[in-house]
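# Model the structure of this input:
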Amino acid sequence: MDPQGLYDVTPRLDCGVCEAPTCRAFARRTLSARSALGDCPILRRAEYADRRARFAAQLEGMLRARDERGAAEELTGGVTYIRPCAEDSSKVTAETRLQRRFPVPPPLRLEVFDPSTWDWMLRSLELFQTARCSEDLGVARIEASGMTIMVFRDGRVNVRAAPDEKQAMGMIRLVSRTLWGSVICDCGNTSMDCAGGACTECHERPCPALDAEPFAFASAPPQADVEIDGLSLPCDTGSDALGDLDGSVCQAAYMLKGMAARVTQGSRCGHAFGDLGGVLPDARRKAVGMLLRSPESGHVRGALTALGALMDLQRAGDSLSCISSGEQPLLDVPRGLVTQALRVLTVSCQGLVCGRPPDAAAIQEEFDVFQDAWGTEFERSANVGALSALHRMAANGLYLSRLGGR
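Coordinates of the predicted model:
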């Protein structure tokens, strides 16, 4: 079952009220019965009645088809083929299907990657000359070192015009590790969101998408240490690199905390969003580079946690920008509600900056108070866009507060 059809009729606001960090994750979680249609307050609104009906019909059709055909089998991973290129027989083309090492519910078996995060991940590195991603089609096309790489959300990775088999398999491994944060966990979230505190389920248990390299191969796994012609891979990582990465995340949190403080005081901070937009990609580059070359599981986990934190900060920053710039004017939204949301974000960012984990239980209580007040206001107000942005900002602040326990 393909959750794209469900995602197409979601609000696509990623407000987090349903307890999934994104609408795409919500679509997956409804397929696996972890969430229900009624968990989305936006789809319950009268003006979204058409979308709600289409979502319900899509979901019912998918579940009925599953019952009639039986549960989808987990596709076997491994090398699909290696053969000479049709255009140039001196080069090879190869395809591998990446199979998760951990089981997932049948409705999630046909989607290995979340394509909405590909662009965010691939553009963080300078290794790839070009990377074009289609979220709706679930396909990415990458050009690197004279090779063309196609990635599909069902886990297939195809390499064309590779100099030899070793280079082709090395490129497959490179791409698969670059996209580790996009791998879909058995909970329906991406591994990056699990690492970033967005998943309560994986916060309370070992997350299968984080504890070991997520892919298994039935045969011929990609070589671990292949150097690819024409590519300068990130240097091998160590404790200094991990400390540098943590420093970059803290810098981004410090900047966002300062912007939240200025918005709390009623000031504008448009120029600061540009500064934050320069810090986040640099930190992301360091995190993905660590994923590519680090041999130590602790460093890999640190890189994934950093990526999750950076995604939380990105979403919170985008929400703050919408509110501050007037793109989503608050209009009749009570000032006290705005202050509550900003406090959840500010306290969580302060914990990252100081290196002292905030009191996650206390922040959860503050968030619950905010969410109750938000729900009351949401029933009354027609300002769906601003309220969604406000909740998204607070929710990502909550996710950040959970990182101290990792």
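
# now the strands: where do they sit in the stretch 251-400 of the chain?
In the stretch 251-400 of the chain, no strands are defined using DSSP state E, counting those that start in this stretch.

# what stretches of it score poorly on pLDDT?
266-274, 294-297, 326-329 (pLDDT under 70).

# Pull the number of nearby residues for residue 83.
With neighbours defined by other CB atoms under 10 Å, the count for residue 83 comes to 11. All C-beta atoms are positioned from the backbone trio N, CA, C, and that covers glycine.

# Am I right that it is in a strand?
Yes - under DSSP: H, G, I helix; E, B strand; the rest coil, residue 83 falls within a strand.

# If you count contacts, what does the lengthiest helix in the chain end up packed against?
Identified as the longest helix of the chain according to DSSP state H is helix 297-325. Packing partners of helix 297-325 (3 or more CB pairs under 8 Å, 6 or more residues apart in numbering; DSSP states H and E): helix 118-122, helix 191-195, helix 239-264, helix 270-293, helix 335-354, helix 384-401.

# Pull the distance from the second one to the chain's centre.
Spelled out, it's helix 191-195. When distances are taken as CA atoms, centre = their mean, to the nearest Å, helix 191-195 is centred 7 Å away from the chain's centroid.

# tell me what that helix is packed against?
helix 297-325.

# Give me the angle between the helix it packs on and helix 270-293.
Between helix 297-325 and helix 270-293, the angle comes out at 160 degrees (axes from the mean of the first three to the mean of the last three CA atoms, to 10 degrees).

# Of all the residues in helix 297-325, which ones are buried?
Neighbour-count burial for helix 297-325, with 16 or more other CB atoms under 10 Å as criterion, is recorded at 299-324.

# How about the contacts made by the residue lying closest to residue 190 once chain neighbours are set aside?
The shortest distance from residue 190 to any non-neighbouring residue, by CB to CB, 6 or more residues apart in numbering, is to residue 114 (4.7 Å). Taking CB atoms under 8 Å, 6 or more residues apart in numbering as the contact definition, residue 114 lies against 24, 25, 153, 182, 183, 184, 190.

# now the strand or helix carrying the first one, how far from the centre of its chain.
Counting by DSSP states H and E, the secondary-structure element that holds residue 24 is helix 23-31. Here helix 23-31 shows a centroid-to-chain-centroid distance of 13 Å under the convention CA atoms, centre = their mean.

# for it, packing partners?
Against helix 23-31 (3+ CB pairs under 8 Å, 6+ apart) you get helix 4-7, helix 49-69.

# Go through those helices and pick out the most buried.
helix 4-7 (a mean of 19; mean count of other CB atoms under 10 Å).

# just checking, what packs against that one?
Counting contacts by 3+ CB pairs under 8 Å, 6+ apart, helix 4-7 is packed against helix 23-31, helix 49-69.

# These into a markdown table, with extra columns for distance to residue 165 and mean pLDDT?
Shown next, in a markdown table, are these (distance: least, CB to CB, whole Å; pLDDT from 0 to 100):
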| stretch | distance to residue 165 | mean pLDDT |
| --- | --- | --- |
| helix 23-31 | 35 | 94 |
| helix 49-69 | 37 | 89 |
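
# The ones you listed: which one's closest to residue 174?
For residue 174, the closest of those is helix 23-31, at 25.1 Å, according to CB to CB.

# So which of the contacts of residue 114 is the closest to residue 201?
Distances from residue 201 to the contacts of residue 114, taken by CB to CB, are shortest for residue 25, at 11.7 Å.

# Could you dump the helices and strands packed on helix 4-7 into a markdown table with distance to residue 11 added?
Formatted as a markdown table, the helices and strands packed on helix 4-7 follow (distance: least, CB to CB, whole Å):
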| stretch | distance to residue 11 |
| --- | --- |
| helix 23-31 | 6 |
| helix 49-69 | 7 |
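
# partner strands of the host helix or strand of residue 151, parallel or antiparallel?
Using DSSP H and E, residue 151 maps to strand 147-152. When pairing is defined by DSSP bridges, strand 147-152 lines up against strand 139-144 (antiparallel), strand 156-162 (antiparallel).
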